[in-house]
Structures are given as structure tokens and as C-alpha cells.
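Participant: okay, here's the prediction I keep looking at, along with the sequence it came from:
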Amino acid sequence: MTLSHDQLVQAIPHALQSVDLDGWGEKQTGKVRDLYSVEGRRILITTDRVSAFDRVLDTIPYKGQVLNQLSAWWFEQVSDVVESHVINVPDPNVTVAHEAQPLPVEVIVRGYMTGVTSTSLWTLYASGERQPYGISLPDGLKKNDALPAPIITPTTKATGGAHDERLTRDEIIGRGLVEQSLWEQVETAALAVFARGQQVARDAGLILVDTKYEFGLVDGRLVLIDEVHTPDSSRYWTAESYGQGGEPKNFDKEFLREWFVSRGYRGEGAAPEMPDELIATAAGRYIAAYERLTGATFEPGQQPAAERIRRSLSAYRAKVEV
């Protein structure tokens with residue numbers, strides 16, 4: 001960890017904030033994004049003010065910066081596979097991005113037999129299903145085994161916190177959710193990005209278990225949107241803990257969810273107060289994930305600099321006008 005326990009805890013009030021850009025069109029604020037209208041184009045300023053559950057806000061110092069910087073790094077790493085919605089990353093806290101038309105299907109790519117929910121791959125397989133999500137799996141797989149090859153288990157895009165609908169490729173196309181040629185592009189891109197993610201994770205001593213990708217359209221082009229391969233959007237295990245008996249050690253936000261659930265909290269009502277030690281541990285894990293994956297030292301930035309963002313948007317506007 002590059003920052004001390006006290007530094008991590010003291011950073012909480014200052015690490016995350018929304019972006020205020022007066023004079024840049026009507027602003028709409030969500031839990032992780034601020035939407036502006038700029039010269040007739042709708043531009044997203046992405047931040048991250050959420051931790052573990054949607055109602056637990058601003059609790060992990062530097063989390064937003066890690067997610068922002070790590071996603072920006074990943075978009076660069078896979079730019080030869082698929083375009084992203086990113087315009088610029090002018091500040092450690094912020095990504096300036098095109099507003100994309102999101103596809104109504106979230107793409108989950110899985111490399112291992114795991115999960116505990118009713119729609120998870122392991123739960124379905126353990127109940128006797130050998131073609132979950134329309135994909136054939138061999139007999140004899142055990143919990144946490146690597147799959148013969150990564151598979152896509154799509155679901156409808158989350159609405160009101162619910163995104164457990166099981167979909168097959170045929171259902172996606174047959175119901176008109178995504179037309180066939182576009183879905184084929186999505187599948188190809190998702191598996192290629194996942195393969196790149198697995199290789200980088202291996203080099204970092206981690207295992208990329210599964211991940212969620214969101215795709216959208218910008219001017220009719222398929223682009224990768226949202227976060228990519230962060231501890232919030234992906235499940236990681238430490239390589240040294242895998243195959244040693246028991247559950248592999250999570251290197252993502254699952255340990256935070258487990259802490260809340262163990263105290264009876266599942267996202268509704270008042271959340272239990274997180275002790276400083278847990279907050280610092282969580283922040284340290286986010287930072288460690290960034291450093292292990294990128295090979296770079298995490299450099300905490302200051303609060304979002306509105307002037308730098310204005311300059312970024314001005315440069316974008318000039319480019320569009322040309």
C-alpha cells in the first residue's frame with residue numbers, strides 16, 4: 001500500500017466529488033455520472049461515489065480515482081480490439097466521455113465455475129443444468145474450476161437494481177434486443193477483451209474470474225462503455241490462494257459485500273457504520289489492484305479540477321466544429 005492507514009482514512013471527505021461546470025448546459029447528476037449538454041452533444045463526466053451497495057456513498061477514499069484511472073488504462077490496453085466512449089481523462093477523478101446509447105443487454109464473461117446466486121453458473125450447474133444460458137458444459141466440473149473456455153452469460157441491463165434475467169443468444173436476437181450482426185460484434189469483442197484481461201491478470205499474480213462489460217453505440221459505432229476490469233466490475237482471485245483448499249481469496253469488492261451481508265445489510269435501510277480499519281483495508285485493496293494490474297504507482301490526485309475539464313471540453317468542441 002502506498003498510503004498509510006491514517007492517510008487513507010483522512011482522505012474520505014476529499015477523494016470523491018461531483019463535477020460542477022457552470023455555463024456548460026443543463027446538468028443531470030446520477031450516482032456515478034454527471035451529464036452535460038455541450039454544443040448540442042451530450043457529454044458524460046464520470047465519477048464514482050458508490051461503494052459496495054448503491055446506498056453506501058463516499059465511504060472508500062480514493063476509490064473513485066482508482067476506478068477512473070484503472071478504467072482509462074484498460075480502455076487504452078484494448079483499443080485495438082474495440083473503440084471506447086472516452087474523449088479525454090483530464091483529471092485523476094474524471095473521465096470525459098460521449099454519451100452512448102447503451103445496448104439493453106449486459107455482457108457477463110465467465111472463466112470459472114463460481115457464484116452463489118440463483119442465476120450464477122455454479123448454482124445452475126450444481127442443480128443439474130448442463131446447458132445454462134444455452135451453452136453446453138461437460139460433466140465433472142467442480143466449484144471454482146476453470147471452464148474449458150470462457151463463456152458469455154448475458155442478462156438484460158439492470159433496471160431498479162434487478163438484472164437477473166437469464167438470456168441466450170437466440171433470445172437476444174429473437175426478441176430484437178440486439179440485431180444479429182451487432183450481437184456477433186459484441187461477442188467477438190467481449191471475448192477478446194476478456195482474453196486480454198486474463199493475460200494481464202496472470203502477469204500481475206491475479207486470476208480474472210469473471211467480469212461485466214457494457215457496450216453501446218456512438219454515432220452507430222459499437223463502443224465499450226462504463227468501467228472495465230476494475231475491482232467493482234470484475235471478480236479477481238489472488239493466484240497464490242487458488243487451489244490451496246477452501247475459497248480463493250477475493251481481490252475485489254466482494255469482501256466488502258460479505259462484510260455488509262454478515263451484518264444483515266443488503267442495500268436497504270440504514271447501512272452499518274464501517275470501522276476505520278475496514279475502510280483503510282478496502283482503500284488499500286483498491287490501490288493494490290491498480291498497482292498490480294498496471295505496474296504503476298498510484299498517485300492520488302486532488303479534487304476534480306473544473307478548469308482542466310473545461311479546457312478538455314473546449315478542445316473537443318473545437319475538434320467537432322472543424
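Facilitator: Now that the structure is in, tell me what you want to look at.
Participant: low-confidence ranges, the stretch 201-322 of the chain, go.
Facilitator: 302-305, 320-322 (pLDDT under 70).
Participant: please repeat the previous calculation with a cut-off of 90.
Facilitator: For the stretch 201-322 of the chain, applying pLDDT under 90 flags the ranges 226, 243-247, 252-258, 261, 265-271, 299-322.
Participant: now do the strands in it.
Facilitator: Secondary structure of the stretch 201-322 of the chain (DSSP state E, counting those that start in this stretch): strands at 206-218, 221-225, 234-238.
Participant: out of these, which is closest to P61?
Facilitator: Shortest distance between P61 and the strands of the stretch 201-322 of the chain, using C-beta to C-beta, is found for strand 234-238: 20.4 Å. Glycine gets a C-beta too; all of them are placed from N, C-alpha and C.
Participant: now what about that closest one, what contacts it?
Facilitator: Strand 234-238 is contacted by residues 114, 197, 201, 205-212, 248-252, 254, 289 when judged by C-beta atoms under 8 Å, 6 or more residues apart in numbering.
Participant: go again using 6 Å as the cut-off
Facilitator: Strand 234-238 is contacted from outside by 206-207, 209-211, 248-249, 251-252, using C-beta atoms under 6 Å, 6 or more residues apart in numbering.
Participant: now swap in stretch 186-200 and tell me
Facilitator: Residues outside stretch 186-200 that contact it (C-beta under 6 Å, 6+ apart): 78, 81-82, 107, 109, 150, 208, 213, 215, 229.
Participant: relative to R311, which of the strands of the stretch 201-322 of the chain is closest?
Facilitator: Across the strands of the stretch 201-322 of the chain, closest to R311 is strand 206-218 (C-beta to C-beta), at 22.1 Å.
Participant: show me how far that closest one is from its chain's centre.
Facilitator: A distance of 7 Å separates the centroid of the chain from that of strand 206-218, by C-alpha atoms, centre = their mean, to the nearest Å.
Participant: can I get it in PDB, CA atoms only?
Facilitator: Taking C-alpha atoms only, strand 206-218 is exported to PDB below (Å, rounded to 0.1, in the frame of the first residue of the first chain):
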ATOM      1  CA  LEU A 206      -4.200 -12.500 -10.200                       C
ATOM      2  CA  ILE A 207      -6.900 -14.500 -11.800                       C
ATOM      3  CA  LEU A 208      -9.700 -12.700 -13.700                       C
ATOM      4  CA  VAL A 209     -12.600 -14.900 -12.800                       C
ATOM      5  CA  ASP A 210     -15.500 -13.100 -14.500                       C
ATOM      6  CA  THR A 211     -16.400  -9.600 -15.500                       C
ATOM      7  CA  LYS A 212     -19.300  -7.400 -16.700                       C
ATOM      8  CA  TYR A 213     -19.000  -5.400 -19.900                       C
ATOM      9  CA  GLU A 214     -21.400  -2.800 -21.100                       C
ATOM     10  CA  PHE A 215     -21.500  -1.900 -24.800                       C
ATOM     11  CA  GLY A 216     -23.200   1.000 -26.500                       C
ATOM     12  CA  LEU A 217     -23.400   2.900 -29.800                       C
ATOM     13  CA  VAL A 218     -21.900   6.300 -30.600                       C
END
